[in-house]
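# A predicted structure for the sequence below; I have some questions about it.
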Amino acid sequence: MAISTCLDIRGACSSEKGPRLCPVPESQPDLARPRLLVAEDDPDLAQALAILLGDAYDVSIRDRGRDFAQSFEVERPDVMVVDYQLPDINGLRLVESLWRRHGRATPAIMISAYSNRREASIEAGFEAFLHKPYEAQALACAIERAIRAH
């Protein structure tokens, strides 16, 4: 597998040691690609995420919490990436309900335009919190770290 590097930023994702490099897979064959389930209701951002992440991951994007939960049941993703503010539920409640029903084996990353959601997200057990707008590399690092940790 080819590896490129990106800056790991755990404030979005940093460690106590500060920034460091982390591996991010480039394009992978379909059978080896980790599955991402993304909840994002902004159609432009959803399309951008599909394009940016589609070479390295099998990406499914849902724009509503209800659809996300149904897809989770079927797809069993390797990582969840969830926007805090969805039309029908907040992302924190959505992921917590999935974790209650299925355990915490599937890591989750919170993305939000509201920086005041960081503490609640991390306390709830999210692997990372990314404040919009965020760098694509920060998301890629958070996804890779979540995959390696689980």
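Perfect, I can see it now. Numbering: from 1, shown residues only.

# now the strands for this structure?
Along the chain, the segments classed as strands by DSSP state E run 3-8, 20-25, 35-39, 58-62, 79-83, 108-112, 128-131.

# for the third one, C-alpha coordinates in CSV please.
I take that to be strand 35-39. The C-alpha atoms that make up strand 35-39 are tabulated as CSV, following Å, rounded to 0.1, in the frame of the first residue of the first chain:
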residue,chain,number,x,y,z
ARG,A,35,-15.8,1.7,4.9
LEU,A,36,-16.8,5.2,6.0
LEU,A,37,-20.3,6.3,6.8
VAL,A,38,-20.7,10.0,6.7
ALA,A,39,-23.6,12.2,7.9
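
# for it, packing partners?
In terms of contacts (3 or more CB pairs under 8 Å, 6 or more residues apart in numbering; DSSP states H and E), strand 35-39 is packed against helix 43-53, strand 58-62, helix 65-75, strand 79-83. (Glycine included, C-beta is placed from N, CA and C.)

# quick one: residues in contact with that strand.
46, 49, 53, 57-65, 68, 71-72, 75-83, 86, 91, 94, 143 (CB atoms under 8 Å, 6 or more residues apart in numbering).

# give me the buried subset of these.
46, 49, 53, 57-63, 65, 68, 71-72, 77-83, 86, 91, 94, 143 (16 or more other CB atoms under 10 Å).

# okay, now the unreliable bits of the chain?
Along the chain, the model assigns pLDDT under 70 to residues 1-31.

# go through it and flag its longest helix.
Looking across the chain with DSSP state H, the single longest helix is helix 136-149.

# in that one, what counts as buried?
Neighbour-count burial for helix 136-149 [16+ other CB under 10 Å]: Gln137, Ala138, Leu139, Ala140, Cys141, Ala142, Ile143, Glu144, Arg145, Ala146, Ile147.

# what packs against that helix?
strand 3-8, strand 20-25, helix 43-53, strand 79-83, strand 108-112, strand 128-131.

# so that helix versus strand 35-39, what angle?
130 degrees (axes from the mean of the first three to the mean of the last three CA atoms, to 10 degrees).

# please put the alpha-carbon coordinates of helix 136-149 into PDB.
Output of helix 136-149 as PDB, limited to C-alpha atoms (Å, rounded to 0.1, in the frame of the first residue of the first chain):
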ATOM      1  CA  ALA A 136      -9.000  17.700   4.200                       C
ATOM      2  CA  GLN A 137      -5.700  16.400   5.600                       C
ATOM      3  CA  ALA A 138      -6.900  16.800   9.200                       C
ATOM      4  CA  LEU A 139     -10.000  14.700   8.400                       C
ATOM      5  CA  ALA A 140      -7.800  12.100   6.600                       C
ATOM      6  CA  CYS A 141      -5.500  11.900   9.700                       C
ATOM      7  CA  ALA A 142      -8.400  11.600  12.100                       C
ATOM      8  CA  ILE A 143      -9.900   8.800  10.000                       C
ATOM      9  CA  GLU A 144      -6.600   6.900   9.800                       C
ATOM     10  CA  ARG A 145      -5.900   7.300  13.500                       C
ATOM     11  CA  ALA A 146      -9.400   6.000  14.300                       C
ATOM     12  CA  ILE A 147      -8.900   2.900  12.000                       C
ATOM     13  CA  ARG A 148      -5.500   2.100  13.600                       C
ATOM     14  CA  ALA A 149      -6.900   2.600  17.100                       C
END
